[in-house]
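*Asks:* Structure, please.
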Amino acid sequence: MTNTAAIIGGGVIGGGWAARFLLAGWDVRVFDPDPQAQRKIGEVLDNARRSLPGLSDVALPDEGQLSFHDAMSDAVDGAIWIQESVPERLELKRKVYQTLQEHCAPDAVIGSSTSGFKPSELQGCATRPDQIVVCHPFNPVYLLPLVELVTTDLNGDDLPARAETILRDIGMFPLRLTREIDAHIADRFLEAVWREALWMIKDGIATTAEIDEAIRMGFGLRWAQMGLFETYRIAGGEAGMRHFIEQFGPCLSWPWTKLMDVPDLTDDLINAIADQSDAQSGMHTIRELERIRDNNLVTILRGLKAQDWGAGQVLNVRDRNSTALAASLDQVADISQPVLTVHRAVPLDWTDYNGHMNEARYLQAFGDATDRLMMIVGCDADYIATGGSYFTAETHIRHLDEIHAGARIRVETQVLNGAGKKMHLFHWMYAGDRLLATGEHMLIHVSLETRKASEPAASVAEPLARLADAHAKLPRPEGAGAAIGVR
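*Replies:* Numbering: from 1, shown residues only. Prediction:
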């Protein structure tokens, strides 16, 4: 049964929540009185469909159903999660909760995207205060995993635990705050940097472009993968954090900052910021800037994913929990047919200057398919640790059609030979029913100690032979054994 989420308020944040739930396979019901809501959310979804699937090395679930509703009562029908993202006015939010609680399920989670209000303030005057929690995300919601989950004693234990589970299931990282505070945690850091930046501009010390370069070319990249305290711990050298604090702690009393004082947002200051920002970024439309941002974030996140670190570790956990691909021969539904060995979307960083998947990534996809087939027949990490593995001796790839970022691909694999030291594989790559490429690979089993050909252990040889025997009844693939030639 498909889960249902209701999105109340379809602006930038609400649209991001809609995309996050929808691409996680949930049905999404939206209420927003803005006559442009469908267009705006549609544009956000276009960006999300292009970028989010490429974060995973397994295919996301099929999209849920998206619907728009004229009344909140209709939008919350059947919803187990309700995300409120209306403007930051406390009385408006409380009025929305009163209406929601008249019509929603009593056990549904009502999460607020508020960046400033504490949950105790939101729960005031509510019919069921235990149902309301703060779930503050960061833009773009469909890519960034952080959600500040803030609760009170009125929420009990069950609802926050369910909220954490749901957020993790849709690929997010719920940061559970043990105490409520105005603006939570992350925005307080952002506001501190924002205030200092305003003063630098007002005092003529720096421009908007200089400030942004200082962040994105330096500490912003460090913060993205290690945060504040781990970064400073490393800065302390072998002596660690204590040395860092002893060395740099006195600087905190120096008159470097004006963070305790906020400049008045006069017309002159507002104009200076706006003019500088126009000069810095005005050559791009907002949609172009969003796509540039998404490209950069996907690249950073996939880099972190390769290192199994920070936000990348969150993505790897979700991939490992996927059951789309078999991990052993016993899990293959029908061994008489080619085996599904890859099922994923094409990431943004797999495309080239022609706008389609580059030739190296075809090889990577087929290499991943070979690795999966090896795992299925028992040549997994544990087996390799005993000193045996397969090395690729020859590869032949035919590029038959192009494919673009965000498209879903799958690879099906036939074993042509599994006798003795040889593993001869033939891969087909598809997008739907469209054949994109084929890859033929000859592998030889080797001893990792001698680096020479050797017979595989029975734990691998027997499953491989069984699969090869089943596949021997299939027609020989077109193009198998072919070499490059002139037509």
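
*Asks:* Can you pull the poorly scored residue ranges out of the stretch 251-400 of the chain?
*Replies:* For the stretch 251-400 of the chain, the stretches flagged by pLDDT under 70 are 251-262.

*Asks:* any chance you could map the helices in it?
*Replies:* If you assign secondary structure with DSSP state H, counting those that start in this stretch, the helices in the stretch 251-400 of the chain sit at 267-281, 286-306, 311-320, 359-376, 381-385.

*Asks:* Looking at these, spot the one closest to residue 237.
*Replies:* Checking these against residue 237 by Cβ to Cβ gives helix 286-306 as the closest, at 24.3 Å. For every residue, glycine as well, the C-beta is placed using N, CA and C.

*Asks:* buried stuff in the closest one?
*Replies:* For helix 286-306, burial by neighbour count (16 or more other Cβ atoms under 10 Å) applies to 290-291, 294-295, 297-298, 300-302, 304-305.

*Asks:* Columns distance to residue 153 on top of those, output as a markdown table?
*Replies:* Shown next, in a markdown table, are these (distance: Cβ to Cβ, whole Å):
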| residue | distance to residue 153 |
| --- | --- |
| 290 | 40 |
| 291 | 44 |
| 294 | 39 |
| 295 | 43 |
| 297 | 36 |
| 298 | 40 |
| 300 | 38 |
| 301 | 36 |
| 302 | 40 |
| 304 | 36 |
| 305 | 37 |
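
*Asks:* Let me see the contact set for residue 373.
*Replies:* Residues in contact with residue 373, defined by Cβ atoms under 8 Å, 6 or more residues apart in numbering, are 339, 341, 413, 415, 423, 425.

*Asks:* now for the helix or strand harbouring residue 94, which elements pack on it?
*Replies:* Residue 94 belongs to helix 90-103 when assigned by DSSP states H and E. In this structure, helix 90-103 makes packing contacts with helix 72-75, strand 81-84, strand 109-112, helix 119-123, judged by 3 or more Cβ pairs under 8 Å, 6 or more residues apart in numbering; DSSP states H and E.

*Asks:* for that helix, the distance to its chain's centre please.
*Replies:* Taking Cα atoms, centre = their mean, to the nearest Å, one finds the center of helix 90-103 at 31 Å from the center of the full chain.

*Asks:* Looking at the contacts of residue 373, which is nearest residue 39?
*Replies:* The shortest approach to residue 39 among the contacts of residue 373 belongs to residue 341, at 40.0 Å (Cβ to Cβ).

*Asks:* Please name the nearest non-neighbouring residue to residue 180.
*Replies:* Beyond its immediate neighbours in the sequence, the residue positioned closest to residue 180 (Cβ to Cβ, 6 or more residues apart in numbering) is residue 118, lying 4.3 Å away.

*Asks:* residues near that neighbour, how many?
*Replies:* Residue crowding around residue 118 was assessed by other Cβ atoms under 10 Å; the count is 18.

*Asks:* Output the helices of the stretch 251-400 of the chain in JSON lines; the columns should cover distance to residue 179.
*Replies:* Written out in JSON lines, the entries for the helices of the stretch 251-400 of the chain read as follows (distance: least, Cβ to Cβ, whole Å):
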{"stretch": "helix 267-281", "distance to residue 179": "34"}
{"stretch": "helix 286-306", "distance to residue 179": "29"}
{"stretch": "helix 311-320", "distance to residue 179": "24"}
{"stretch": "helix 359-376", "distance to residue 179": "45"}
{"stretch": "helix 381-385", "distance to residue 179": "42"}
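
*Asks:* between those helices, which gets nearest to residue 210?
*Replies:* Checking those against residue 210 by Cβ to Cβ gives helix 267-281 as the closest, at 9.3 Å.

*Asks:* Residues contacting that closest one, please?
*Replies:* Around helix 267-281, the neighbours that count as contacts under Cβ under 8 Å, 6+ apart are 198, 201-202, 207-209, 212, 263, 289.

*Asks:* one more time with 6 Å, if that's ok
*Replies:* Under the criterion Cβ atoms under 6 Å, 6 or more residues apart in numbering, residues 201-202, 207-209 lie in contact with helix 267-281.

*Asks:* In helices, which of the residues you listed fall?
*Replies:* With helices defined by DSSP state H, the entries of the contacts of helix 267-281 inside them are 201-202, 208-209.

*Asks:* which two from those residues end up farthest apart in space?
*Replies:* 202 and 209 (16.0 Å).

*Asks:* Compare those two and say which is more crowded by neighbours.
*Replies:* Taking residue 202 and residue 209 together and counting by other Cβ under 10 Å, residue 202 has the greater number of neighbours (17 against 13).

*Asks:* which residue sits closest to that one, ignoring its sequence neighbours?
*Replies:* Distances taken as Cβ to Cβ, 6+ apart put residue 263 closest to residue 202, at 4.9 Å, once the chain neighbours are dropped.

*Asks:* didn't that neighbour look like it was pressed against residue 198?
*Replies:* Yes: with contact taken as Cβ atoms under 6 Å, residue 263 and residue 198 are classed as touching, separated by 5.4 Å.

*Asks:* The two: which is more packed in?
*Replies:* Residue environment comparison for residue 263 versus residue 198 gives the larger neighbour count to residue 198, 19 against 13, counting by other Cβ under 10 Å.

*Asks:* quick revisit: of all the helices of the stretch 251-400 of the chain, which lies closest to residue 186?
*Replies:* It's helix 311-320; of the helices of the stretch 251-400 of the chain, that one is closest to residue 186 (Cβ to Cβ) at 13.5 Å.

*Asks:* my guess is residue 138 contacts residue 145, does it?
*Replies:* No: the pair residue 138 and residue 145 does not pass the contact test of Cβ under 6 Å, sitting 8.7 Å apart.

*Asks:* neighbour-wise, which of these two wins?
*Replies:* Neighbours were tallied for residue 138 and for residue 145 using other Cβ under 10 Å; the higher tally belongs to residue 145 (24 against 17).

*Asks:* Need the nearest residue in space to that one, chain neighbours excluded.
*Replies:* Leaving aside its sequence neighbours, residue 145 sits nearest to residue 173 (Cβ to Cβ, 6+ apart; 4.0 Å).

*Asks:* Test my guess that the one you found contacts residue 312.
*Replies:* No: between residue 173 and residue 312 there is no contact under Cβ under 6 Å: 11.3 Å.

*Asks:* Leaving aside the residues adjacent along the chain, what's closest to residue 126?
*Replies:* Leaving aside its chain neighbours, residue 126 sits nearest to residue 97 (5.1 Å; criterion: Cβ to Cβ, 6+ apart).

*Asks:* Return the distance of that neighbour relative to residue 449.
*Replies:* Distance from residue 97 to residue 449, counting by Cβ to Cβ, to the nearest Å: 67 Å.

*Asks:* Check residue 342 too.
*Replies:* For residue 342, the distance to residue 449 under the criterion Cβ to Cβ works out to 31 Å.

*Asks:* So which of those two has more stuff around it?
*Replies:* When residue 342 is set against residue 449 and neighbours are counted by other Cβ under 10 Å, the residue ahead is residue 342, at 26 against 9.

*Asks:* how much space between the more buried one and residue 321?
*Replies:* For residue 342 relative to residue 321 (Cβ to Cβ), the value is 18 Å.
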